[in-house]
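Visitor: just need the structure, nothing else, for what follows:
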Amino acid sequence: MANIFRVHPPNTTQGVGPVSPTKPKSAAAQASGVSDTVEISTAGMLAAKLHGPAAVRTDLVERVKEQISAGTFETPERIEATVDRLMEELFPNL
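Guide: Numbers count the residues shown, from 1 in each chain. Below is the predicted model of the structure:
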């Protein structure tokens, strides 16, 4: 049977470098001489930035907190609208 560790030699790709400090190898990885690496392309990093978390709207967060504290956030209309949107997302063909 062929040695699968030689199919893709470890030095055939160029990486962008680590984005965080690397951890020491585990005892099992040190003993076997095999380790895994992950390389993220420039396109992958750009995609992560595009699809990253949206900015927090602190004014909206504060307004909702105040409404929740006052007991005015959960209204029958708001609950019905939320359920309608959820049902449409879960069952678009109904």
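
Visitor: give me the below-cutoff pLDDT ranges for this structure.
Guide: Counting by pLDDT under 70, the ranges of the chain that qualify are 1-31.

Visitor: the helices in it, which residues?
Guide: Ranges of helices in the chain, per DSSP state H, are 27-32, 42-50, 58-70, 76-90.

Visitor: need those in TSV (columns: mean neighbour count).
Guide: For glycine as for every other residue, the C-beta is placed from the backbone atoms N, C-alpha and C. Listed next are these as TSV, based on neighbours: other CB atoms under 10 Å:
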stretch	mean neighbour count
helix 27-32	10
helix 42-50	10
helix 58-70	10
helix 76-90	10
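
Visitor: how far away is Ala47 from Pro76?
Guide: Separation of Ala47 from Pro76 (CB to CB, to the nearest Å): 41 Å.

Visitor: which other residues reach stretch 67-81?
Guide: The contact list for stretch 67-81, computed with CB atoms under 8 Å, 6 or more residues apart in numbering, reads Val64.

Visitor: for it, output the C-alpha coordinates as PDB.
Guide: The C-alpha atoms that make up stretch 67-81 are tabulated as PDB, following Å, rounded to 0.1, in the frame of the first residue of the first chain:
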ATOM      1  CA  GLN A  67     -38.200  48.800  26.700                       C
ATOM      2  CA  ILE A  68     -37.600  45.400  28.200                       C
ATOM      3  CA  SER A  69     -37.100  46.900  31.700                       C
ATOM      4  CA  ALA A  70     -40.300  48.900  31.300                       C
ATOM      5  CA  GLY A  71     -42.200  45.800  30.100                       C
ATOM      6  CA  THR A  72     -43.100  47.500  26.800                       C
ATOM      7  CA  PHE A  73     -40.900  45.500  24.400                       C
ATOM      8  CA  GLU A  74     -43.000  42.300  24.000                       C
ATOM      9  CA  THR A  75     -46.200  43.400  22.400                       C
ATOM     10  CA  PRO A  76     -48.700  41.100  20.700                       C
ATOM     11  CA  GLU A  77     -48.000  42.800  17.300                       C
ATOM     12  CA  ARG A  78     -44.200  42.300  17.700                       C
ATOM     13  CA  ILE A  79     -44.600  38.700  18.700                       C
ATOM     14  CA  GLU A  80     -47.000  38.000  15.700                       C
ATOM     15  CA  ALA A  81     -44.600  39.700  13.300                       C
END
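
Visitor: before I go, just wanted to say thanks for your time.
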